[in-house]
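>>> could you work out the structure for the sequence below:
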Amino acid sequence: MDKSIFNPDHQENDVSSKIVAGLERISEAFKVLLWDKAKLLGLSPIQIQILIFIAYHKTEFCNVSHLAKEFNITKPTISDAIRVLDKKGFITKNYSSSDSRSYSIGLSVTGRDIVAETSDFANPLKNQLTTIHQTDLEALFGTLGKLIYQLNKSGILTVQRTCYGCKFYSRNTERDYCNLLDKELLNSDIRLDCPEFEERQIH
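Numbering: from 1, shown residues only. Predicted coordinates:
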């Protein structure tokens, strides 16, 4: 109990606990901003997140199974959200020619309008980062990328598309390299959500 991450006395002597507590506060800010936008439009936070995700990702990721993994929630919960979005006319369902039960999800014209209204919900967070020195931002970004990859390897995050887990990524002599782009990667070049990501198979 005394060594709890959330015990301020313990945090005083443990930087990792301070960081986790800090991430919890940032997560809270993210949720507040998302809820505020959701209430304005009569949608739930997950419905907004689904619409934004669909707008910016490949069709192969836009189905119930993948969305459940992406947001770490159950398929029935995703299906319920999709049902509401479909009823409101925000999405389209594109059924597979080989399996009439399988479909990918796209945006309708109205859905694209909703994304235009909602995808800026996290801008207040980004705006606060403009006051931080570029060197500090790059160091923070590098740490976050590695943390996300480690959380995926440990099974806490089921989906990640960072360079570190990609089959095109390699590292030697302290150098990050993308074999798809055939170029060295600076810290700021590392991606957290790469559209060309292909998971590296570990044998």
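>>> what does the helix or strand of the chain with the lowest mean pLDDT contact?
Ranked by mean pLDDT, DSSP states H and E, the weakest helix or strand in the chain is helix 8-11, scoring a mean of 76. Helix 8-11 is contacted by residues 2-5, 17-18, 21 when judged by C-beta atoms under 8 Å, 6 or more residues apart in numbering. (C-beta placed from N, C-alpha, C; glycine too.)
>>> most neighbours among these, please name it.
Ser17 (18 neighbours; other C-beta atoms under 10 Å).
>>> which strands or helices does the host helix or strand of it pack on?
Using DSSP states H and E, Ser17 sits in helix 15-41. When contacts are defined as 3 or more C-beta pairs under 8 Å, 6 or more residues apart in numbering; DSSP states H and E, helix 15-41 sits against helix 8-11, helix 45-56, helix 109-118, helix 123-129.
>>> packing partners of the second one?
Spelled out, that is helix 45-56. helix 15-41, helix 64-70, helix 75-87, strand 103-107, helix 109-118.
>>> sort out which residues of the least confident helix or strand of the chain are buried, please.
For helix 8-11, burial by neighbour count (16 or more other C-beta atoms under 10 Å) applies to 10-11.
>>> pull the CA atoms of it into CSV?
C-alpha atoms of helix 8-11 as CSV (Å, rounded to 0.1, in the frame of the first residue of the first chain):
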residue,chain,number,x,y,z
PRO,A,8,2.3,10.9,-3.1
ASP,A,9,4.9,10.0,-0.5
HIS,A,10,6.1,7.1,-2.5
GLN,A,11,6.2,9.2,-5.7
